[in-house]
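In: Structure for the following, please:
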Amino acid sequence: SSTSLVTHAYLHTGDDRYKHWVLDYLQAWIDRRDVNGGIVPDNVGPTGQIGECMDGRWWGGYYGWRWPHGARNITEPAYVAGSCAALMTGDLSWLDLCRSQLDQLWDQRREEDGVIKVPARHGSQGWYDYRPPEASLYIHLAYLSQSAEDRARLDEVFPDRSDFAALPENWGAGKAGICPSRAWHAWNEGANPGFPQQVLQTTQSSMQHALEQLEADDSDPETRHCYHFQRMNPVVPEGLVQLTMGTPAALYNGGMLQSHLLFLDPERRRTGLPEGVAACTEHVNADSVETTLVNTDDLRSHSVILQAGSFGEHTFTGGTATTDGESASIRVDSRHVKIELGPGAQTRLRLDVRRFANQPSYDGPTWD
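Out: Below you'll find the model as predicted:
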């Protein structure tokens, strides 16, 4: 989370001091991993020595390898920090810290009752608490890097992805990023054609379920626990983010929302789709994105601005627009492209993208 906060400051100011803070911080943990046999330790002492206040143990720190969440508290922060560094530098090798920890756990895998499991925790007895591997980080790595290396890693750990298409009827609001990315990833691979309808239905049912829980709640404010209202939150945006922006959405525990596309409303001069305009981003890869835009207003024309990357870090380099079966080339070499939609119009865009071509920023388009 701290790396994301500093990255936000960098996006606001462009001050390289913030970038160097993130890079130095991440490099420090890479160095600790390297001197600890490839495993990121979960504690260091006041002088920076691993296990300095834990009798020399690299495990056992608060929210560390021995904690009930175990490996998740190591691998997720490694991804979040690496993705922030990649955003600011365009250097995707900063994701290696996360990759290395996933690989270390995979090397410790074993089969139990026909199910491959990896250790979640480490203590005095060594590795323990074996669980089936989680797909989320593998999907985020494959999406952000768009590399053959990360696709191969995903294929090795999850050779059978037939169960990726499943979505729970009510996943609950809970904490950010809880909408499973597996169903979206299967759709992006072309293996889950029912995803758009499925994710809209389960989003609606989850919202309705949360509202019903809120209306029926009669708990005592003096005794209910601090997480009481988390699963009653009716704001469930992750599925819509996946569907419209073509991204697995933000990763919980500080992850930033990184995507190929960001939509902007030139009428209201704000982020988001204009009123009456719908979008469905159906496929993303290393150098292109495909999205369909629909003006649901049968009376008025609307325009929408597409930005290459959540923070303008990418550049559009061309593409095609297909409307009523007719295709036309799009000439563009910019982080923004404006699309005019007539009343009731629908168009399918394939936009070529040069990724990480610009310094990321919160600066929007020149509206005029």
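In: which residues touch Asn295?
Out: Residues in contact with Asn295 (Cβ atoms under 8 Å, 6 or more residues apart in numbering) are 276-277, 301-302, 341-346. To be clear about C-beta, it is placed using only N, CA and C from the backbone, and glycine gets the same treatment.
In: And the residue lying closest to Asp265 once chain neighbours are set aside, what's its pLDDT?
Out: Nearest non-adjacent residue to Asp265, counting by Cβ to Cβ, 6 or more residues apart in numbering: Pro274, 4.2 Å away. Per-residue pLDDT puts Pro274 at 96.
In: element containing Pro274?
Out: Using DSSP states H and E, Pro274 maps to neither a helix nor a strand.
In: Can you get me a residue count around it?
Out: As a burial measure, Pro274 scores 19 neighbours (other Cβ atoms under 10 Å).
In: My read is that it contacts Leu293, right?
Out: No. With contact defined as Cβ atoms under 8 Å, Pro274 and Leu293 do not form a contacting pair (10.2 Å).
In: Please report the distance of Leu23 from Gly45.
Out: To Gly45, Leu23 is 23 Å away according to Cβ to Cβ, to the nearest Å.
In: on that earlier part again, with Gln146 as the reference, measure out to the residue nearest to Asp265.
Out: Distance of Pro274 to Gln146, computed by Cβ to Cβ: 29 Å.
In: likewise Glu134?
Out: Look at Glu134 and Gln146: by Cβ to Cβ, they are 21 Å apart.
In: And for His122?
Out: According to Cβ to Cβ, His122 and Gln146 sit 32 Å apart.
In: more crowded one of these two?
Out: Between His122 and Gln146, counted using other Cβ under 10 Å, His122 has the larger neighbour count: 24 against 17.
In: Is the more buried one part of a helix or strand, or is it coil?
Out: Classification of His122 by DSSP: H, G, I helix; E, B strand; the rest coil places it in strand.
In: so who does it touch?
Out: Neighbour list for His122: 59, 65-66, 70, 128 [criterion: Cβ under 8 Å, 6+ apart].
In: let's see it at 7 Å
Out: His122 makes contact with 59, 65-66 under the criterion Cβ atoms under 7 Å, 6 or more residues apart in numbering.
In: And the helices in the stretch 1-150 of the chain?
Out: Secondary structure of the stretch 1-150 of the chain, counting by DSSP state H, counting those that start in this stretch: helices at 2-13, 16-34, 72-89, 96-107, 136-145, 148-157.
In: Report all helices and strands that the third one contacts.
Out: Counting contacts by 3 or more Cβ pairs under 7 Å, 6 or more residues apart in numbering; DSSP states H and E, helix 72-89 is packed against helix 2-13, helix 16-34, helix 96-107, helix 136-145.
In: Next: the second one.
Out: Under the contact criterion of 3+ Cβ pairs under 7 Å, 6+ apart, helix 16-34 touches helix 2-13, helix 72-89, helix 96-107.
In: buried set for the longest one?
Out: What that stands for is helix 72-89. For helix 72-89, burial by neighbour count (16 or more other Cβ atoms under 10 Å) applies to 72-89.
In: cool, and the first one?
Out: Neighbour-count burial for helix 2-13, with 16+ other Cβ under 10 Å as criterion, is recorded at 3-4, 6-7, 10-11.
In: Redo the residues you listed as JSON lines? Include pLDDT and distance to Leu243.
Out: Output for the buried residues of helix 2-13, formatted as JSON lines (pLDDT from 0 to 100; distance: Cβ to Cβ, whole Å):
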{"residue": "Thr3", "pLDDT": "93", "distance to Leu243": "28"}
{"residue": "Ser4", "pLDDT": "94", "distance to Leu243": "24"}
{"residue": "Val6", "pLDDT": "96", "distance to Leu243": "30"}
{"residue": "Thr7", "pLDDT": "96", "distance to Leu243": "26"}
{"residue": "Tyr10", "pLDDT": "95", "distance to Leu243": "29"}
{"residue": "Leu11", "pLDDT": "95", "distance to Leu243": "25"}
